[in-house]
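> Turn this into a model:
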Amino acid sequence: MKQWMVYLILVFLSRSAFSYIPISDDRLKELLEEFNYSPVVEVIKLPKVDCKPQDLEYSTTYPQRETPMNIKAKAFIPAGSQLPVVFMLPSLGGMNQLDQAMGETFCKNNIAAILISTGLTGLDTDSLVPVTDHDHTYRRAVAAIKGGIVIAGSMPAINIKKIGILGISLGGILGSVAYGVMPEISAGTFLVNGGDVPHILAYSDQSIVIKLRTARMAEQNLQTFEEYEEYLRKNLKLDPLHFTKLIDTSSTKLFLSRKDLSVPTPKQLEYYEAIGSPSETSFYSLSHINTIISVLGVGTSKPKIAQWFLSRFALPNPRRH
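Below is the predicted model:
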């Protein structure tokens, strides 16, 4: 009975009064130009070579921000040379033990990993951020990775011609945009991510998103979730679905939930279909958090993810042709 209840709820959520409208090729070019920059990066603290998490801190910039942005991260650096590197973006709740365990697994498989621990959403404040800050969240994520690539390039052990990305939940949503706009990233793995963010923000059951939704609807005198979704569509210009045509299907690995109310399952499937339904996709009949735990907390998925990245890094970057 519970499975049918979840299924019916997901069907209801998928029937939004407003749906994602693809952008034109000209608009895509305009958006890509926003990410065509080289950041100014300053090192604050460099990590040591160790598969246990080491502190990394640096500042980076992006054109729409007036001041440098400080980024803190945990680095997992194996001994060796010409090692690939994977950038990791955690879920909305921030870095946790599952993320760090994945970083250690990468390191033990001769892949350097940089796990961004700085919150990128702007939601770590008691005041209601402007609605335009949602777009800055993607820009902050891209700037953090661009800055991290500069830092990684200064480390003799790392080969920045072999770059991957792994994102979880919100980290997967942000990471999929970074993956789309940064052709130097040659492989991506995402857990329970999706596209059409206005819909996700309007219907997600995550407590932080509910708090944001309640405050924004009160601010704008919006009465229904449908009105809120329409408001977001009018005000947000960046979305993972805008950039899916730039992603190489064979270089993407997904772990998706069929019973997700945090990143609603229909929007996970929409992203999956938009990038060409990658064959390297695993579906779980579990909730949002239990899917993440199943992939990163139990079983043999972590070393398999690392080995999948190594197999992709052994090939030329398909996005650099």
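
> where does the stretch 1-150 of the chain have low pLDDT?
Low-confidence segments of the stretch 1-150 of the chain (pLDDT under 70): 1-18.

> in it, which spans are strands?
With DSSP state E, counting those that start in this stretch, the ranges of strands along the stretch 1-150 of the chain come out as 42-45, 50-60, 69-77, 83-89, 112-116.

> And the strand or helix carrying residue 307, how far out from the chain middle?
Under the criterion of DSSP states H and E, residue 307 resides in helix 301-313. Centroid separation between helix 301-313 and its chain, computed with CA atoms, centre = their mean, to the nearest Å, is 18 Å.

> just to revisit the earlier point, could you point out which of the strands of the stretch 1-150 of the chain sits nearest residue 178?
Nearest of those to residue 178, taken as CB to CB: strand 83-89 at 7.8 Å. Quick note: C-beta positions are derived from backbone N, CA and C, even for glycine.

> Pull the residues that contact the closest one.
Applying CB atoms under 8 Å, 6 or more residues apart in numbering, the contact partners of strand 83-89 are 99, 102-103, 106, 110-116, 120, 141, 145, 148-149, 152, 157-160, 162-168, 170-172, 174-175, 178, 185, 309-310, 313.

> Strand partners (parallel or antiparallel) of it?
Paired neighbours of strand 83-89 in the sheet (DSSP bridges): strand 112-116 (parallel), strand 158-168 (parallel).

> List the contacts of residue 42.
58-59, 68.

> who's it bridged to?
Bridge pairing for residue 42 - DSSP bridges - gives residue 59.

> Can you tell me how far it is from residue 53?
With distances taken as CB to CB, to the nearest Å, residue 42 is found 22 Å from residue 53.

> residues near the closest residue to residue 117 other than its chain neighbours, how many?
Nearest residue to residue 117, sequence neighbours excluded (CB to CB, 6 or more residues apart in numbering): residue 95, at 4.4 Å. Residues within reach of residue 95, counting by other CB atoms under 10 Å, total 22.

> what about stretch 244-252, how long is it end to end?
11 Å (CA to CA, to the nearest Å).

> before we move on, what about stretch 311-319?
16 Å.

> can you give me how far it is from the chain middle?
Stretch 311-319 sits 20 Å away from the centroid of its parent chain (CA atoms, centre = their mean).

> Report the mean per-residue pLDDT for it.
Average pLDDT, stretch 311-319: 93.

> residues making contact with it?
Counting by CB under 8 Å, 6+ apart, 84, 111, 161-162, 164, 183-187, 246, 248, 250-251 sit against stretch 311-319.

> try stretch 202-217
Against stretch 202-217 from outside (CB under 8 Å, 6+ apart): 13, 16, 92, 123, 128, 131, 200-201, 222-223, 225-229, 231-232, 261-264.

> Just the buried ones from those residues?
13, 16, 92, 123, 200-201, 222, 225, 227-229, 231-232, 261-264 (16 or more other CB atoms under 10 Å).

> need the helices for the chain, in chain order.
For the chain, the helices defined by DSSP state H cover 2-14, 25-34, 97-108, 133-153, 170-181, 197-203, 207-220, 225-235, 265-274, 288-296, 301-313.

> Most tightly packed of these?
A comparison of the helices of the chain by mean neighbour count, using mean count of other CB atoms under 10 Å, puts helix 170-181 on top with a mean of 28.

> Give the rounded mean pLDDT of that helix.
pLDDT averaged over helix 170-181 gives 98.

> now stretch 220-237
In this model, stretch 220-237 carries a mean pLDDT of 97.

> what does it rub up against?
Contacting residues not belonging to stretch 220-237 are listed as 16-18, 31, 131-132, 134-135, 197-199, 201-203, 213, 216-217 [CB under 8 Å, 6+ apart].

> If we use 7 Å, what do you get?
With contacts defined as CB atoms under 7 Å, 6 or more residues apart in numbering, stretch 220-237 is touched by 16-18, 131-132, 134-135, 197-199, 201-203, 213, 216-217.

> Which of those residues sits closest to residue 27?
residue 135 (14.0 Å).

> so residue 41 makes contact with residue 68?
No: in this structure residue 41 lies outside contact range of residue 68 using CB atoms under 7 Å: 8.7 Å.
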